[in-house]
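got a structure for you, letters missing:
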């Protein structure tokens, strides 16, 4: 009987200690941190599943017709890249457009 009473007293003390240590501000902060971590983990999973465009696209110099390749990555969508032909040394501009994981590059004289 004495052991049961001692066990009840010990449980009551632990319960009271937990209630005192859990400040409402700390609880809210902990929940916010957990939500942020869940969001970061979800974004990481989505990013890992995303297919990244990374390919070499053949292009031709608009001046001399010499062929070369342009390295295109997903972040280049809508960009214009200035370059010089390795044969005739004249300038050109390559316009990059990406549609459905496929790169389209148009080249014109600069």
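Received it, and whenever you're ready, just let me know what you need. Everything numeric in this text was worked out from a predicted model, so none of it was measured.

contacting residues around stretch 85-98?
By C-beta atoms under 8 Å, 6 or more residues apart in numbering, the surrounding residues in contact with stretch 85-98 are 53, 59, 61-64, 66, 68, 70, 72, 74, 76-84, 103-110. Every residue, glycine included, has its C-beta placed from N, CA and C.

6 Å instead?
Stretch 85-98 has contacts (C-beta atoms under 6 Å, 6 or more residues apart in numbering) with 61-64, 66, 70, 72, 76-77, 79-84, 104-110.

filter the residues you listed down to just the ones in strands.
Mapping these onto strands (DSSP state E) picks out 70, 72, 80-84, 104-109.

returning to that earlier point: and the contacts of stretch 85-98, which of them are buried?
Among the contacts of stretch 85-98, those scoring as buried are 61-62, 70, 72, 76, 81, 83, 105, 107 (criterion: 16 or more other C-beta atoms under 10 Å).

which helix or strand contains the residue nearest the centre of the chain?
Most central in the chain under C-alpha atoms, centre = their mean is residue 47, positioned 5.0 Å from the mean C-alpha point. In the assignment (DSSP states H and E), residue 47 maps to helix 24-49.
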